[in-house]
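In: one predicted model, sequence on top.
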Amino acid sequence: MTKKFLSLLFALILTLSLCSCSFMKDIGPVVESETNDPEEIPDSYDGEETVSPFEGRAESEGLEFSLNEEGNGYILKGIGTCADTVIVIPSAYKGLPVTAIGDTAFRNKWMITAVLIPESVTEIGKSAFRGCIRLTEITLPDSVTTLGADVFCECTALEWVVLSNSLTEIPVKAFFKTALEKIVIPKSVTKIGDGAFSGCEKLAAVFLSEGVTEIGSDAFSCCYNLTEIALPDSVKKVGAYAFSHCIGLETVKLSNSLKEIPEECFWCSHLAEVVIPASVKKIGRSAFSQGIAEQGIIVFSEGLEEIEWGAFQQCLFSEITLPASLNRIAPAVFSGCYELEKIVVDGANPFYRVVNGALIDAKRKTLIAVNKFSVIPDDGSVKTIEKEAFSNTGLISLTVPSAVKEVSEGAFDACGALEELSFAEGVETVGKICCRSLKRLEIPLSMVENLPKGYDDKLFSECWELQDVYFAGTEEQWIRKDGQPVFVFGENCTVHFQYGAS
């Protein structure tokens, strides 16, 4: 007997209309569609024949009820003396309808394997079924309009859910750490709460209907089997970390109504191609960090204005083109993108340009990002090197030219291959450098002559492999008035003086 037939049988018994919902259990992969019309979901099961757990069962006895405040219905408060593993909730108690399942009513009742909810129920409270670790499936009748937070949280065997077509919100952690493999969000739902499906490691297909306007923080984080997602154009807001750690996520279609892609939204995913819609004005901190796969493609539309810190850190695309509308790029946006070969800026952009392969803030004369072939310009276009500009790049040696006056702290952090670093005469200020592979360092006299009061003499102390330092000045110029050297190095490092003197 198929599940579809059984759903029809239940409809007759309980005077329900669940036929349309029964088709949702075995939807195929998410259907790529501009309308996201649920009618495109396959209307048949691929599953094997099963026997209903409710077949031949009477209403459960011994359940605990309490009269609601209005006095016109009952709330199921708990399992009471009922010892059933398959719970059939009655539609009425003492002549009045059962209208709600109360907070924590069945929480941690590990023996429950199935629950039949009648059409009389309109509300299911907080944590009502939380921790029911043997519960495998649930159908919410269309009478249910409200779910409480954590309602099916940590039901670790829950594989199949049919949602009510009357729900407007899926609450916080509603299905956190369940075993769901597929889920269809009805047209009635406008909001998916924080962490609603977070930790659903088996979740492979999500169908979001047109009508969803907001997706909360962590809503689908750590859904490891999720490979694609399409956000309908009704979605106006997505919370931080919404799809973070979805390590199998390869395809995403973003809503044309989004204004911002928030912090770590797609962190640690595996996207092959991303098109940023023209509606998006801001890309948040680490939004796609470690999220673009090798040879992946990122397309920025005209309209984008801001990119926050580390937004594309350690992504593996080879080329990027930045639009004319972009007016703010934070530090470390492209740090660790060691496959990046080409950076292009629209010629109409008044704020940024590319020189020698390096991305430069033209007004501040600051180098903010490089590709694998970049050379620091010596034409006066760069006065400052931004934080993490060279971080996690594959450079082996680098010379900072004389036109550069300041190198920010962390500019060369985590450059695991960098062995030789030379600062030309004219470089004045250098922030702390943590480059543990560095073996050779050249320091100009200009850097020592312009040391600020209270400077850090341990700027290079974490360059543990440093063997030779070549200082352009004399030994006397290297020693401070207190008798200590200008900079402190490891005990295996040798300082050579008057380097480059004729």
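Out: Done, it's in.
In: start and end of stretch 400-407, how far apart?
Out: With CA to CA, to the nearest Å as the measure, the ends of stretch 400-407 fall 9 Å from one another.
In: mind checking the pLDDT average for it?
Out: Computed over stretch 400-407, the mean pLDDT rounds to 96.
In: how about stretch 206-214?
Out: For stretch 206-214, the per-residue pLDDT values average out at 97.
In: just give me the neighbour total for residue 233.
Out: Neighbour count for residue 233, taken as other CB atoms under 10 Å: 17. (Glycine included, C-beta is placed from N, CA and C.)
In: how about residues contacting the lengthiest strand in the chain?
Out: Among the elements of type strand in the chain, defined by DSSP state E, the one spanning the most residues is strand 292-300. Contacts made with strand 292-300 from outside it, assessed by CB atoms under 8 Å, 6 or more residues apart in numbering, are listed as 250, 270-276, 288, 312, 315-318, 320-323, 326, 339.
In: same deal with stretch 266-278?
Out: Residues external to stretch 266-278 that are found in contact with it (CB under 8 Å, 6+ apart): 241, 243-256, 258, 261, 283, 286-293, 296-304.
In: now the terminal residues of that stretch, how far apart.
Out: The distance separating the two terminal residues of stretch 266-278, taken as CA to CA, comes to 19 Å.
In: so which bits of that stretch are buried?
Out: Of all the residues in stretch 266-278, those buried under the rule 16 or more other CB atoms under 10 Å are 266, 267, 268, 269, 270, 271, 274, 276, 277.
In: and the residues you listed, which of them are in strands?
Out: In strands, defined here by DSSP E, the members of those are 271, 274, 276.
In: still on that earlier bit, and the contacts of stretch 266-278, which are buried?
Out: Buried residues within these, counting neighbours by 16+ other CB under 10 Å: 241, 243-246, 249-250, 252-255, 258, 261, 283, 286-293, 296, 298, 300, 304.
In: not counting sequence-adjacent ones, nearest residue to the most centrally placed residue in the chain?
Out: Among the residues of the chain, the one closest to the centroid is residue 244, at 2.5 Å (CA atoms, centre = their mean). Residue nearest to residue 244 in three dimensions, not counting chain neighbours: residue 267, with 4.1 Å by CB to CB, 6 or more residues apart in numbering.
In: repeat for residue 451
Out: residue 486 (7.1 Å).
In: residues in contact with the one you found?
Out: Contact analysis of residue 486 by CB under 8 Å, 6+ apart lists 448, 451, 457, 478, 479, 480.
In: measure how buried the second one is and give me the count.
Out: Around residue 451 there are 17 other residues, counting by other CB under 10 Å.
In: can you tell me how far it is from residue 431?
Out: With distances defined as CB to CB, to the nearest Å, the gap from residue 451 to residue 431 amounts to 12 Å.
In: which helix or strand contains residue 309?
Out: When secondary structure is defined using DSSP states H and E, no element contains residue 309, which sits outside every helix and strand.
In: check the one 5 residues further on too.
Out: Residue 314 belongs to no helix or strand when elements are defined using DSSP H and E.
In: and it, what does it touch?
Out: With contacts defined as CB under 8 Å, 6+ apart, residue 314 is in contact with 289, 290, 335, 336, 337, 392.
In: can we see that at 6 Å?
Out: Contact criterion CB atoms under 6 Å, 6 or more residues apart in numbering gives 290, 336 as the residues in contact with residue 314.
In: quick one on the thing from earlier: tell me how far the residue nearest to residue 244 lies from residue 346.
Out: Summarising the geometry, the distance separating residue 267 from residue 346, computed by CB to CB, is 27 Å.
In: try residue 406
Out: On the measure of CB to CB, residue 406 and residue 346 end up 28 Å apart.
In: helices along this structure, start to end?
Out: Defined through DSSP state H, the helices belonging to the chain, from first to last, are 3-14, 19-22, 445-449, 475-478.
In: and the ones you listed, which one is worst for confidence?
Out: Comparing the helices of the chain on mean pLDDT, the least confident stretch is helix 19-22, scoring a mean of 31.
In: excluding chain neighbours, give the residue nearest to residue 136 in space.
Out: Nearest residue to residue 136, sequence neighbours excluded (CB to CB, 6+ apart): residue 157, at 5.2 Å.
In: quickly note the distance from the one you found to residue 135.
Out: Noted for residue 157: a distance of 6 Å to residue 135, by CB to CB.
In: ok, the two, which is more surrounded?
Out: Per other CB under 10 Å, whichever of residue 157 and residue 135 has more neighbours is residue 135, with 26 against 14.
In: got the contact list for that one?
Out: Residues in contact with residue 135 (CB under 6 Å, 6+ apart) are 112, 155, 158.
In: what do you get for residue 340?
Out: Shown in contact with residue 340 (CB under 6 Å, 6+ apart): residue 371.
In: distance-wise, check it relative to residue 394.
Out: 10 Å.
In: just residue 344 next, same as before
Out: When distance is defined by CB to CB, residue 344 is 21 Å away from residue 394.
In: same thing with residue 196?
Out: Plainly put, residue 196 is 40 Å away from residue 394 if you go by CB to CB.
In: give me the more crowded residue out of the two.
Out: Neighbours per residue (other CB under 10 Å) separate residue 196 from residue 394, with residue 196 holding more: 27 against 12.
In: circling back to that earlier point, so the residue nearest to the centre of the chain is in contact with residue 264, correct?
Out: Yes - counting by CB atoms under 6 Å, a contact exists between residue 244 and residue 264, whose distance comes to 4.8 Å.
In: how many neighbours does residue 359 have?
Out: Going by other CB under 10 Å, the residues that sit close to residue 359 add up to 26.
In: same check, this time on residue 105
Out: Residue 105 has 24 neighbouring residues, counting by other CB under 10 Å.
In: for it, which non-adjacent residue is spatially closest?
Out: Using CB to CB, 6+ apart and skipping the chain neighbours, the partner closest in space to residue 105 is residue 128 (4.9 Å).
In: repeat that for residue 438.
Out: Residue nearest to residue 438 in three dimensions, not counting chain neighbours: residue 463, with 4.4 Å by CB to CB, 6+ apart.
In: tally of neighbours for that neighbour?
Out: Number of residues near residue 463 (other CB under 10 Å) recorded here: 23.
In: what sits against residue 77?
Out: The neighbours of residue 77, taking CB under 6 Å, 6+ apart as the test, are 64, 66, 102.
In: in a markdown table: those residues, plus neighbour count, distance to residue 165 and pLDDT.
Out: Written out in a markdown table, the entries for those read as follows (neighbours: other CB atoms under 10 Å; distance: CB to CB, whole Å; pLDDT from 0 to 100):
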| residue | neighbour count | distance to residue 165 | pLDDT |
| --- | --- | --- | --- |
| 64 | 14 | 29 | 98 |
| 66 | 13 | 28 | 98 |
| 102 | 22 | 23 | 98 |
